[in-house]
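Asker: No letters, just coordinates:
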Ligand SMILES: [Zn+2]
């Protein structure tokens, strides 16, 4: 899944999950003589690279879970891109000392309760080249309910502001004058993009690990508390085509009205309006980044300025939800 510049695999997987349930229901009606073929999504779920056995047992410390990419997991990553129509050919990336230091520094800067959440919910962390996005998180099947994460090596070099601005501009035609600041200029160091992206991915891992919302591997029942929290909220922001190809991007003239709609919505960021899973991941990352780490999130558009909504009344129920989750 992803984030920021992440793979847009949710819709296919959601449909695939429904297909799995239908197939399982049909299978229960079959006699022993009745044979069926597994659907592509069902086969995908059973891929060796998705299974715990393909991954090393999690190290105690979070930074030590940064591991060389196992071949089966790389194959799963490639298969996932093909299945979801976002083909890429990632390759294993040999991690150097500078990159390891970027990751270790980011983890060391996290509040202890956030590191504890990550140690509980993140089983492994990998770095590849040519991921086709900035990051991707996948869920292990229950009962473990952990996730593993894959990051593109470029996010260990890019500054937070360059990455955030690039992402925000990806929905609009070239020349749209939008900028997003995630770090004060004097702190906007190479590799600074990693921490916010990691927090977003951690949001995915936490939401799956604690069954806060339905996911492609676990979507039966109605007891998902974050999904319930937002169930009756009407959508007010139209679909924003992040990471769109040039022909699908919005004209610059639509940016002003779109950001104004977002700024009146219950989404902390515009990216959060993309869907339920992204909404939670952005709420989680925003809360840690803005409220706990006291970092800026300032969007500028042709003279207008907007702040992250997580600290504003429009996001109060979501802020309270995340605060309750993180409370020690
Ligand atoms: Zn995401």
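Answerer: Ah, there it is. Everything numeric here is computed off the predicted structure, so don't read it as measured data.

Asker: and whatever residue of the stretch 51-200 of the chain ends up closest to the ion, what element?
Answerer: Distances between the stretch 51-200 of the chain and the ion by C-beta to the ion are smallest at residue 200, namely 5.5 Å. The way it works is simple: take the backbone N, C-alpha and C, and place the C-beta from them, glycine included. Assigned by DSSP states H and E, residue 200 belongs to helix 193-209.

Asker: I'd like the next helix or strand past that helix.
Answerer: helix 225-229.

Asker: List the buried residues of the strand ranked longest in the chain.
Answerer: As assigned by DSSP state E, the longest strand anywhere in the chain is strand 122-129. Going by neighbour count (16 or more other C-beta atoms under 10 Å), the buried part of strand 122-129 is 122, 123, 124, 125, 126, 127, 128.

Asker: Nearest residue to the closest residue to the ion within the stretch 201-328 of the chain in space, please, no chain neighbours.
Answerer: Closest approach between the stretch 201-328 of the chain and the ion, counting by C-beta to the ion: residue 281, at 4.5 Å. Of all residues beyond its chain neighbours, the one nearest residue 281 is residue 203 (3.4 Å), with distances taken as C-beta to C-beta, 6 or more residues apart in numbering.

Asker: now swap in residue 212 and tell me
Answerer: Nearest residue to residue 212, sequence neighbours excluded (C-beta to C-beta, 6+ apart): residue 226, at 4.0 Å.

Asker: what number of residues lie near that neighbour?
Answerer: Residue 226 has 24 neighbours, counted by other C-beta atoms under 10 Å.

Asker: go on, residue 90?
Answerer: Close neighbours of residue 90, defined as other C-beta under 10 Å, add up to 22.

Asker: go on, residue 265?
Answerer: Residues lying near residue 265 (other C-beta under 10 Å) number 19.

Asker: Kindly report the same for residue 70.
Answerer: 18.

Asker: what's the neighbour count on the closest residue to it other than its chain neighbours?
Answerer: Of all residues not flanking residue 70 in the chain, residue 54 sits nearest, at 5.4 Å (C-beta to C-beta, 6+ apart). For residue 54, the neighbour count with other C-beta under 10 Å is 18.

Asker: For this protein, give me the ranges with low pLDDT.
Answerer: The chain contains residues with pLDDT under 70 at 1-36, 328.

Asker: Please list the residues of the stretch 151-300 of the chain that sit near the ion.
Answerer: 278, 281 (C-beta under 5 Å from the ion).

Asker: and with 6 Å instead?
Answerer: By C-beta under 6 Å from the ion, the residues of the stretch 151-300 of the chain that approach the ion are 200, 204, 278, 281.

Asker: right, and residue 141 touches residue 217 too?
Answerer: Yes. Assessed by C-beta atoms under 8 Å, residue 141 is found in contact with residue 217 at 6.1 Å.

Asker: Looking at these two, which one has more neighbours?
Answerer: Neighbours were counted for residue 141 and for residue 217 using other C-beta under 10 Å; residue 217 has more, 18 against 14.

Asker: burial count for residue 113?
Answerer: Per other C-beta under 10 Å, the neighbour tally for residue 113 reads 14.

Asker: Also residue 314?
Answerer: Count around residue 314 with other C-beta under 10 Å applied: 17.

Asker: Spit out the contact partners of it.
Answerer: Residue 314 sits next to 264, 265, 266 when contact means C-beta atoms under 8 Å, 6 or more residues apart in numbering.

Asker: ok, residue 283 - contacts?
Answerer: 203, 268, 272, 310, 315, 318, 319, 321, 322.

Asker: My error: substitute residue 300 in the last question.
Answerer: Contacts of residue 300 (C-beta under 8 Å, 6+ apart): 178, 179, 180, 181, 306.

Asker: Where does it sit: helix, strand or coil?
Answerer: strand (DSSP: H, G, I helix; E, B strand; the rest coil).

Asker: Am I right that residue 174 sits in a helix?
Answerer: No. With three-state DSSP as the criterion, residue 174 is located in coil rather than a helix.

Asker: rewinding a little: the residue of the stretch 51-200 of the chain closest to the ion reaches residue 277, doesn't it?
Answerer: No. Using C-beta under 8 Å, residue 200 makes no contact with residue 277, being 10.5 Å away.

Asker: The two - which one has more neighbours?
Answerer: For residue 200 versus residue 277, the count of surrounding residues by other C-beta under 10 Å is larger for residue 200: 30 against 25.
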